[in-house]
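A.B. asks: quick one, fold the following:
(2 chains)
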Amino acid sequence: MNAFRHHVLPVLTIVLGIVIAWYVGSVALNSAWQLGVYERADNTEWTITDLWTDTLNQNRPVLPSPHQVAVEFWNTGIAPLGDLPERGMRAISPRTLIYHAWVTLSATLLGFAIGTATGILLAVAIIHSKAMDKSVMPWVIASQTVPILAIAPMIIVVLASIGLKGLIPKALISTYLSFFPVVVGMVKGFRAPEAIQLDLMRTYNASSAQTFWKLRWPSAVPYLFTSMKVAVAISLVGAIVGELPTGAIAGLGARLLAGSYYGQTVQIWSALFMAAILAATLVGLIGVAERRVTKRMGVSA
Amino acid sequence: MNTGLIAIAIIVWLGAWGINEALVRVQTTNRTVSRTINLIVPLLFGVALLVLWEGLTRGFAVKEVLLPPPSRIWEEITDSLPILWADFQQTFIKSVLTGYAMGCGAGFAVAILVDRSPFLKRGLLPLGNFVSALPIIGVAPIMVMWFGFDWPSKAAVVVIMTFFPMLVNTVSGLNAAGSMEKDLMRTYAAGYWQTLFKLRLPAAAPFIFNALKINSTLALIGAIVAEFFGTPIVGMGFRISTEVGLLNVSMVWAEIAMAAVAGSAFYGLVALLERTLTFWHPSIRRG
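C.D. replies: Numbering: from 1, shown residues only, chains lettered A, B, ... in the order given. This next block holds a predicted model:
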């Protein structure tokens, strides 16, 4: 009960506040257009209740109301899954949100996997070679200040011009974005063992491979999970941005772009929620894996 | 294919690598020498990388559409300085700086307000952390619809992107002051505002600067990507997306180079400010 009072209740209160503010905001922002409609229809007898219900249920509202987004999200994002047993893969047509979410998710996961692997390998090279450390590390850090996302459309278009399309170019952008946090985090992690522990390995006459697997790797694991959380979130952003310049074919980014071209605000908002849910799920899954692994490694949480 | 150029590039690369290997082995207690070495090694690496890039692209005659050599990019930068300057003004000075100031300011102000209520703090912190992991960049089309094509919509995206890191960091920074120090302030009969300005804000400064640094990169990314969703015919994001469409890749690289310089300079300025203001912090203080 105490946990509820201290953690769940405050969050719920804030969320409720946001939803209320959202409703008020959509009434305020949409009423200008609605009043115009009434005027053109010579409808002078509208009541406040009419205005409320109408502003909250427009077709192309400036700010869609929460329930509109929820309905759209359910119809295009969740409901098609229910048709799966009946209609097979045809249920997930390109008209549904879940299809686009899957396209984005696959690019994200591929890029994240490659990025994490490259990041770990580079970190291993950096801790074992002083020259690598001194020459590469400053550039790895400097490259964080460069807006890498800005290169994304170029990579897509250039790779498309040599015939590489679809999943791979987007995954490359995700790779590029997700590999930096992993390098920085893992270098820190591999250096986390204290001098006294490294000395102990030396007195055991451990080879550098043994030191790596028995000491450095275990002590880097917490850092790995922390940087993986950052990396997976950023590789989702990379995949979404990577979908912008392809001419809105598939993926959440394409859904956003198409929505903005045709003024489909409800579609944009539900795509945004899908992206948010994907991000939260991915980060959450890594969090679960982290707890499992650290528990098995004997670290008390 | 020009094997001579490739060979030269690889030799320069290997040579630089060898010099670096030798340099990092130098044992010295002289501080100036060790500092110079720490500066030269990455510089040499960077120069060698450029030479390798130039040599390989020219040697293998890589199509300019794929990857132009650095000299070509430099040529493009010097040729189109007026365009680059106009884009820089539109994107950086108008969208990024305005949005950055407003977003960081709002995040800071809300953090100070929220700090007075533990209930709000417990509610907002998890949400703030959650939002920080979201692809906020997706609100760009909505902002473009609300605020029009010109820079205010980009500034709005930047405000949203910078707000949450600032909020979360400031709130946790305000908790950073130790209870001993707080007790001391109490024995001095210091009021809320005195404690805030004399103890808690200085203690929060490292956290606040951390957010300012994160935000300096986020702001530039936000402004550039927001321009992909519609913009007047000026701006870094606009230029990148149109020149990519024309396959004029060296111009894109010129924009990227400028974005990189602007981003690094912005970050560097914030870091410099941090060094001067939080000189007392262990990570900056030298023993």
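
A.B. asks: residue 107: which element?
C.D. replies: All of this refers to chain A. In this assignment (DSSP states H and E), A:A107 forms part of helix A:97-128.

A.B. asks: not quite, I wanted chain B
C.D. replies: Secondary structure assigned from DSSP H and E places B:G107 in helix B:97-115.

A.B. asks: any part of that helix near chain A?
C.D. replies: No: using CB under 8 Å from any CB of the partner chain, helix B:97-115 stays clear of chain A, with a minimum separation of 10.0 Å. Every residue, glycine included, has its C-beta placed from N, CA and C.

A.B. asks: how far does that helix sit from the chain's center?
C.D. replies: Computed by CA atoms, centre = their mean, to the nearest Å, the separation of helix B:97-115 from the middle of its chain amounts to 18 Å.

A.B. asks: now that helix: mean pLDDT?
C.D. replies: Mean pLDDT, taken over the full extent of helix B:97-115, equals 92.

A.B. asks: output the contacting helices and strands for it.
C.D. replies: Counting by 3 or more CB pairs under 8 Å, 6 or more residues apart in numbering or on different chains; DSSP states H and E, the packing neighbours recorded for helix B:97-115 are helix B:118-132, helix B:151-174, helix B:201-227.

A.B. asks: among those, which is nearest chain A?
C.D. replies: Comparison of the helices and strands packed on helix B:97-115 against chain A by CB to the nearest CB identifies helix B:118-132 as nearest, at 3.2 Å.

A.B. asks: residues contacting the helix or strand following the closest one, please?
C.D. replies: With elements assigned by DSSP H and E, the helix or strand that comes after helix B:118-132 is helix B:140-147. Helix B:140-147 has contacts (CB atoms under 8 Å, 6 or more residues apart in numbering or on different chains) with A:62, A:256-257, A:259-260, A:263, A:265, A:268-269, A:272, B:153-154, B:156-157, B:160, B:222, B:225-226, B:228-230.

A.B. asks: how about helix B:140-147: buried residues?
C.D. replies: When burial is assessed from 16 or more other CB atoms under 10 Å in any protein chain shown, helix B:140-147 yields the following buried residues: B:140-145.

A.B. asks: ok, now which ones touch residue 190?
C.D. replies: Using chain A. With contacts defined as CB under 8 Å, 6+ apart, A:F190 is in contact with A:123-124, A:127, A:212, A:216-217, A:219-220.

A.B. asks: wrong chain, I was asking about chain B
C.D. replies: Going by CB under 8 Å, 6+ apart, the list of residues near B:A190 reads B:198-199.

A.B. asks: how much space separates it from B:L196?
C.D. replies: Separation of B:A190 from B:L196 (CB to CB, to the nearest Å) stands at 9 Å.

A.B. asks: ditto for A:I268
C.D. replies: Here the distance between A:I268 and B:L196 works out to 40 Å (CB to CB).

A.B. asks: could you do A:A123 as well?
C.D. replies: With CB to CB as the criterion, A:A123 and B:L196 are 41 Å apart.

A.B. asks: so which of the two has more stuff around it?
C.D. replies: Regarding A:A123 and B:L196, a neighbour count based on other CB atoms under 10 Å in any protein chain shown identifies A:A123 as having more, with 26 against 18.

A.B. asks: okay, which residue is most central for chain B?
C.D. replies: When chain B is reduced to its mean C-alpha position, the nearest residue by CA atoms, centre = their mean turns out to be B:T217, at 2.7 Å.

A.B. asks: do I have it right that it meets B:Y267?
C.D. replies: Yes: counting by CB atoms under 8 Å, B:Y267 is a contact partner of B:T217 at 6.5 Å.

A.B. asks: which ones are touching the residue lying closest to B:A262 once chain neighbours are set aside?
C.D. replies: With CB to CB, 6 or more residues apart in numbering or on different chains as the measure, B:F92 is the residue that lies nearest to B:A262, at 5.5 Å, once sequence neighbours are left out. Contact analysis of B:F92 by CB under 8 Å, 6+ apart lists B:220, B:223, B:236, B:262.

A.B. asks: also B:E181?
C.D. replies: B:E181 makes contacts with B:199, B:203, as judged by CB under 8 Å, 6+ apart.

A.B. asks: how near is it to B:K198?
C.D. replies: Between B:E181 and B:K198 the distance is 10 Å, computed by CB to CB.

A.B. asks: now the helices for the stretch 1-150 of chain A?
C.D. replies: Secondary structure of the stretch 1-150 of chain A (DSSP state H, counting those that start in this stretch): helices located at A:2-3, A:9-40, A:48-55, A:66-73, A:79-82, A:84-87, A:97-128, A:130-144.

A.B. asks: confidence score at A:T203?
C.D. replies: Reading off the per-residue confidence, A:T203 sits at a pLDDT of 93.

A.B. asks: wait, I meant A:S65
C.D. replies: The predicted structure scores A:S65 at 80 on the pLDDT scale.

A.B. asks: tell me how many other residues crowd it.
C.D. replies: Applying other CB under 10 Å, we find 23 other residues in the vicinity of A:S65.

A.B. asks: neighbours around the closest residue to it other than its chain neighbours, how many?
C.D. replies: For A:S65, the nearest residue in space outside its immediate sequence neighbours is A:L56; the separation is 4.2 Å by CB to CB, 6+ apart. Residues within reach of A:L56, counting by other CB under 10 Å, total 18.

A.B. asks: cool, and A:G242?
C.D. replies: Look at A:G242: counted by other CB under 10 Å, it has 29 neighbours.

A.B. asks: so the residue nearest to it when sequence neighbours are not counted is in which element?
C.D. replies: Take A:G242 and drop its neighbours on the chain: the residue closest to it by CB to CB, 6+ apart is A:K170, 3.9 Å away. Applying DSSP H and E as the criterion places A:K170 in helix A:167-190.
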